[in-house]
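Novice: Task: produce atomic coordinates for the following.
(one chain, ligands or ions: 1)
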Amino acid sequence: MSNVRVRFAPSPTGFVHVGSLRTALYNYLFARHHGGKFVLRVEDTDRARYTEGAVENLLETLEWSGLSYDEGPENDGDFSPYYQSQRLNIYHEYIEKLISNNFAYPCFCSKERLEKMREEQIGKKLTPKYDGHCRYISGDELIKRRKSEDHVIRLKIPPEGITKVSDIIRGEVQFQNEMIDDQVLLKSDGFPTYHLANVVDDHLMGITHVIRGEEWLISTPKHIILYEYFGWPIPRFAHLPLLLNPDRSKLSKRQGDVAVEDYRKKGYLPEALLNFVALLGWNRGDDEEIFSLEELIADFSLERVNKSGAVFNIEKLNWMNGIYIRKLPEEKYLLIALETMKNNGIDAGNTRKNEQIALAVRNNIETFNDIKERSELFLGDGPLHYSENALEWIKPDSSKKVFTSMLTEIEKIPEITLEAFKSVMGNVQKETGLKGKEIWMPVRSALTGLTEGPELPQVIQIFGKDKILRLLEQAIRV
Ligand code: GLU
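Specialist: Alright, predicted model coming up:
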């Protein structure tokens, strides 16, 4: 496909929803796959929803995710996203065109009247919808009232017929025009609503494919009517499936984090989060689950996006994040791990030791914040708490023999090095006649209190002689 142009058009509301990240990602992948352009347009015309810092947060989150956009108004050799609040003149120009062609009309109805009408309609079990009260005001009256009265501008929906939305993911979806509301396009404060600004901009920015969440499907017939009124070509639409909680209700804050920032703060890696959201509604047609951004670009297609809702499974995200943590180059891993430790007040006294701890726990964490819990083992100097399974390995007489023999051997050496530890364990093996699991599981249990976890050679180097002796004594007494 040539000349693909797509856009991510978020309204800055204070945080970036994981569903928005998926929308941004799918647009980005589609653009990159087709060698097209990915435009970022900040839809900030709803003054009532304005929150301080929301735009900065949006841009920062996008930057963290690595989804870079391709164009925007230039300043100082750089370019910024498009901001709808800076394009008000454009919307006014187009609204006048609609009015003069009789495709839109001023509405002077008061809030009270609209509220009363709504209540009556709900009382009669009708879908609330503007009753067309101001549709036919014309001539001098119209001119006079427009000058003197507060008003909005509404879209004149054809009273009959059907509007068809052709959707790449859903096929053809039909809407009865009589069910569609005469949408407000321009508010009394002079700001356009989403519908007007979105359509005008998609056209002026040459958008070829509108890829967005399913919640916008219901607005699409209004948009199509607008395109037709303007005489503009209609872009292709693709409405992405809803994100669901594991109980299949709509993904909500009540059941877990929905803001990208929360995942960022909790130490998730952007690569992992992107890989995870990529699979919320898309698959390659096989069971592969780990994709780099390059692989996603190569394999992504809208035809392979599902219609049905996608369940947000945090366990899967955690698993994936663990995989990405282990994929990081060691230096990068250490950089983030040490930063996390610092932020959580985890300090073994010197950088070398902190690094050793970070590396020892690497295989057993899913997020960087897990380091907090996993590193307790290395920092605590009180008695160790054993898991049930560990206790089972500590109690047998054969295990006690292992501990006693190890204790004697370690007391003989001046310092625990990797070499010394190997020879200690060789001697313990000879002395007890035990080997393999029979030795390693009791030792692991006695030293870490767990039957899984960091590699023992890493553990003993961090612990040092005194701590090992203390832990062996504790295990012997159990
Ligand atoms: N501003 C809308 C939003 O917040 C954009 C929807 C669309 O992509 O058309 O998601």
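Novice: any idea how far the ligand is from residue 23?
Specialist: For residue 23, the distance to the ligand (C-beta to the nearest ligand atom, to the nearest Å) stands at 7 Å. Every C-beta, even on glycine, is put in place using the N, C-alpha and C of the backbone.
Novice: Doesn't that residue lie inside a strand?
Specialist: No - read with DSSP: H, G, I helix; E, B strand; the rest coil, residue 23 is helix and lies in no strand.
Novice: Am I right that it is in contact with residue 214?
Specialist: No - look at residue 23 against residue 214 with C-beta atoms under 8 Å: they stay out of range, at 10.4 Å.
Novice: Show me the shaky parts of the stretch 301-450 of the chain.
Specialist: Counting by pLDDT under 70, the stretch 301-450 of the chain contains no low-confidence segment.
Novice: where do the strands sit along it?
Specialist: For the stretch 301-450 of the chain, strands defined by DSSP state E, counting those that start in this stretch occupy the ranges 310-311.
Novice: Which single residue of it ends up nearest the ligand?
Specialist: For the stretch 301-450 of the chain, the residue closest to the ligand is residue 302, as judged by C-beta to the nearest ligand atom, at 14.5 Å.
Novice: how would you label residue 39: helix, strand or coil?
Specialist: Relying on three-state DSSP, one would call residue 39 strand.
Novice: and the residue nearest to it when sequence neighbours are not counted, backbone torsions?
Specialist: Using C-beta to C-beta, 6 or more residues apart in numbering and skipping residues adjacent in sequence, the residue nearest residue 39 is residue 7, 4.0 Å away. Torsion angles at residue 7 (phi, psi; degrees, to the nearest 10) stand at phi -140, psi 150.
Novice: Tell me if I'm right that residue 7 and residue 43 touch.
Specialist: No - counting by C-beta under 8 Å, residue 7 stays clear of residue 43, with 9.9 Å between them.
Novice: who's more crowded, those two?
Specialist: Neighbour tally, residue 7 and residue 43, criterion other C-beta atoms under 10 Å: the higher count belongs to residue 7, 29 against 19.
Novice: residue contacts, whichever residue of the stretch 151-300 of the chain sits closest to the ligand?
Specialist: The minimum distance from the stretch 151-300 of the chain to the ligand, using C-beta to the nearest ligand atom, falls at residue 212 (3.5 Å). Taking C-beta atoms under 8 Å, 6 or more residues apart in numbering, we find residue 212 in contact with 9, 23, 238, 239, 240.
Novice: now the residues you listed in JSON lines, with neighbour count, pLDDT and secondary structure?
Specialist: Below are those laid out as JSON lines (neighbours: other C-beta atoms under 10 Å; pLDDT from 0 to 100; DSSP: H, G, I helix; E, B strand; the rest coil):
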{"residue": "9", "neighbour count": "27", "pLDDT": "98", "secondary structure": "coil"}
{"residue": "23", "neighbour count": "20", "pLDDT": "98", "secondary structure": "helix"}
{"residue": "238", "neighbour count": "20", "pLDDT": "98", "secondary structure": "strand"}
{"residue": "239", "neighbour count": "23", "pLDDT": "98", "secondary structure": "strand"}
{"residue": "240", "neighbour count": "26", "pLDDT": "98", "secondary structure": "strand"}
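Novice: Now flag whichever of those residues is closest to residue 152.
Specialist: Closest approach to residue 152 among the contacts of residue 212 (C-beta to C-beta): residue 9, at 22.2 Å.
Novice: Relative to the ligand, how far out is the closest one?
Specialist: Taking C-beta to the nearest ligand atom, one finds residue 9 at 4 Å from the ligand.
Novice: okay, the closest residue to that residue other than its chain neighbours: pLDDT?
Specialist: Nearest residue to residue 9 in three dimensions, chain neighbours excluded: residue 41, at 4.6 Å (C-beta to C-beta, 6+ apart). Note for residue 41: predicted pLDDT of 98.
Novice: Just give the number of residues close to residue 41.
Specialist: Residue 41 has 22 neighbours, counted by other C-beta under 10 Å.
Novice: tell me which parts of this protein are close to the ligand?
Specialist: 9, 10, 11, 43, 194, 198, 212, 216 (C-beta under 6 Å from any ligand atom).
Novice: pull the longest helix from this protein.
Specialist: Ranked by residue count and defined by DSSP state H, the top helix of the chain is helix 456-477.
Novice: who's in contact with it?
Specialist: Under C-beta under 8 Å, 6+ apart, the answer for helix 456-477 is 348, 353, 356-357, 359-360, 377-378, 381, 383-384, 394, 399-400, 403-404, 406-407, 410-411, 413, 415-418, 421, 440, 442-448, 453.
Novice: need the contact list for the closest residue in space to residue 344 that isn't next to it in sequence.
Specialist: Leaving aside its chain neighbours, residue 344 sits nearest to residue 372 (5.0 Å; criterion: C-beta to C-beta, 6+ apart). Shown in contact with residue 372 (C-beta under 8 Å, 6+ apart): 340, 344, 346.
Novice: Which among those residues count as buried?
Specialist: Buried by 16 or more other C-beta atoms under 10 Å: 340, 346, out of these.
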